[in-house]
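Asker: Sequence and predicted structure are below.
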Amino acid sequence: MELLKKKCPKCKSQKIRFQRQYPTKNHGTRTIYKCEDCFNNFSETKNTFLQNLKKPISLIWQVIKARTEGMGVNATARTFNISKNTFLDWETKFTNLFKILFIYSLVQQFLKLIIEGDEVPPPL
Ligand SMILES: [Zn+2]
């Protein structure tokens, strides 16, 4: 599928190879690729909506959902304990991606449930 084919963000070459992986705080492991044509190193999230995101997608989704449902700027900042600039920035970035964000957040929570599910104590 063309959408999933990785390309070098610099020269658009598809001759890229796996370089290394590193853990992120909220988004699992991230992969670094190297372009074999221009030797550019780039993260798999380069030029995607995930680039430079540090907060969990599920939180971002909750915030945007609350804002969509009419929660004010100050109330949002207070409720989610984040700065106004942070979520106003998300809003400009994610308004068109709302549905994708929702699905992504569901998947992330689902995976989290599976992982944490192993640690749930047996019922009394
Ligand atoms: Zn390249």
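Answerer: Looks like it arrived, so ask away. Numbers count the residues shown, from 1 in each chain.

Asker: Would you double-check that N47 falls in a helix?
Answerer: No: checked against DSSP: H, G, I helix; E, B strand; the rest coil, N47 lies outside a helix; its state is coil.

Asker: residues near it, how many?
Answerer: The number of residues packed near N47 is 10, by other Cβ atoms under 10 Å. To be clear about C-beta, it is placed using only N, CA and C from the backbone, and glycine gets the same treatment.

Asker: Can you name the residues that contact it?
Answerer: Shown in contact with N47 (Cβ atoms under 8 Å, 6 or more residues apart in numbering): P9.

Asker: For the chain, give me the ranges with low pLDDT.
Answerer: Under the criterion pLDDT under 70, the flagged ranges of the chain are 1-4, 114-124.

Asker: what does it have sitting close to the ion?
Answerer: For the chain, the contact set with the ion under Cβ under 5 Å from the ion comprises C8, K10, C11, S13, C35, D37, C38, N40.

Asker: ok, for the first one, nearest residue in space, not its chain neighbours?
Answerer: Leaving aside its chain neighbours, C8 sits nearest to C35 (3.7 Å; criterion: Cβ to Cβ, 6 or more residues apart in numbering).

Asker: looking at it, that neighbour is touching Q14, isn't it?
Answerer: No: judged on Cβ atoms under 8 Å, C35 makes no contact with Q14 at a distance of 9.2 Å.

Asker: Report the set of residues contacting both of the two.
Answerer: Listed as contacting both C35 and Q14 by Cβ under 8 Å, 6+ apart are C8.

Asker: higher neighbour count, those two?
Answerer: Neighbours were counted for C35 and for Q14 using other Cβ under 10 Å; C35 has more, 22 against 11.

Asker: Quick one: residues contacting the most centrally placed residue in the chain.
Answerer: Residue closest to the mean C-alpha point of the chain, counted by Cα atoms, centre = their mean, is L50 at 4.2 Å. With Cβ under 8 Å, 6+ apart as the criterion, the residues that contact L50 are H27, I57.

Asker: cool, I57 as well?
Answerer: Residues near I57 by Cβ under 8 Å, 6+ apart: N26, H27, L50, L101, Y104, S105, Q108.

Asker: Among the residues you listed, name the buried ones.
Answerer: Using 16 or more other Cβ atoms under 10 Å as the burial test, the contacts of I57 include L101, Y104, S105, Q108 as buried.
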